[in-house]
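Asker: how would this look folded up:
(2 chains)
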Amino acid sequence: MIVDPVLARGRFDRDTLPLLQQEVAYQNAGIRVVRIAFPVIEVALWWRAINGELLLHVQADDYDYLPVQGWWTDGTGQPAHQGGSIRLPGGLGFQLGGDPYGQNRTWFCFPGWREFHDHPGHQNTPCIHYRFQPAYRLPGLIVQLQSDLNRPQVGVT
Amino acid sequence: MSNEAPVEPRVTLLHLTILVDGIPEQKVYPGNEKVEEVIKSLLPAGKKHEWQQYQLRDRGQNPDQALDPSRSLVEDGVKDHDTLSLTKKDGGGGAA
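Answerer: Residues are numbered from 1 along each chain as shown, chains lettered A, B, ... in the order given. Coordinates of the predicted model:
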């Protein structure tokens, strides 16, 4: 634990407030809130390629000193894996495994996500550069991820 | 011959919810406003010149397609009370 947990929770609660209070607006944009309980956010993102939703788990430990982590889940809360029952996106920044910590889990190679900033290939883009930009706070990250998910270049595995 | 003044075409005002930086904002735009101008209006002063890096999406009318910035909101199929989102065209992801 790096950040005072009470402070981290306060920042998390502040930044997730729009997701809770304006749930319908997000749902109209393809983002359905499933659960928000510090330090976890679970949302379902609309994915045109499968004409359905994909479940996103966001882990916001030490928010907001460290960037958040994220991965796809299988509906039971467990990480989804390539070759499993869930169809997953691949390509662009949607990684299917081999995160910087050696875990076999999907991860997001996009600025603002912890795996991106901890990757040896991205040490020239420190997270501090993004930390206070509104687009890289929790709602902004999720909305941008949903947008990227629906780019035509993203494949279905 | 009629002496009545010509009737000006009415401009449709669209009441929209737009996710900007992920936060819902209530906005009103004329339906004939070009999407390019809407994008510029939503960006901060220092970023307006980068407007081509951004896109507006309307899941309701154009399922997950970006709106054509050269057309007006109405021409792009946007309707009153729609929810749009402003995002970067490219979130910066790439193969590690």
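Asker: can you pull the contacts of B:Val15?
Answerer: Careful, residue B:15 is His; it's not Val. B:26-28, B:80-81 (Cβ atoms under 8 Å, 6 or more residues apart in numbering or on different chains). C-betas here are computed from N, CA, C, even on glycine.
Asker: got a winner among those for most neighbours?
Answerer: Among the contacts of B:His15, B:Lys27 has the most neighbours (other Cβ atoms under 10 Å in any protein chain shown), with 15 neighbours.
Asker: Low-confidence ranges, chain B, go.
Answerer: B:1-2, B:60-64, B:93-96 (pLDDT under 70).
Asker: Now with 80, please.
Answerer: B:1-10, B:59-65, B:92-96 (pLDDT under 80).
Asker: Report the central residue of chain A.
Answerer: The C-alpha lying nearest the average C-alpha coordinate of chain A belongs to A:Gly70 (Cα atoms, centre = their mean; 4.0 Å).
Asker: List the contacts of the one helix or strand that one maps to.
Answerer: Using DSSP states H and E, A:Gly70 sits within strand A:69-73. If you take Cβ under 8 Å, 6+ apart as the criterion, strand A:69-73 is touched by A:42, A:54-61, A:79-80, A:86, A:88, A:105-108, A:113-115, A:145.
Asker: try 7 Å
Answerer: For strand A:69-73, contacts defined as Cβ atoms under 7 Å, 6 or more residues apart in numbering or on different chains pick out A:54-59, A:79-80, A:86, A:88, A:105-108, A:113-115.
Asker: which of those count as buried?
Answerer: Buried members of the contacts of strand A:69-73, counted by 16 or more other Cβ atoms under 10 Å in any protein chain shown: A:54-58, A:79-80, A:86, A:88, A:105-108, A:113-115.
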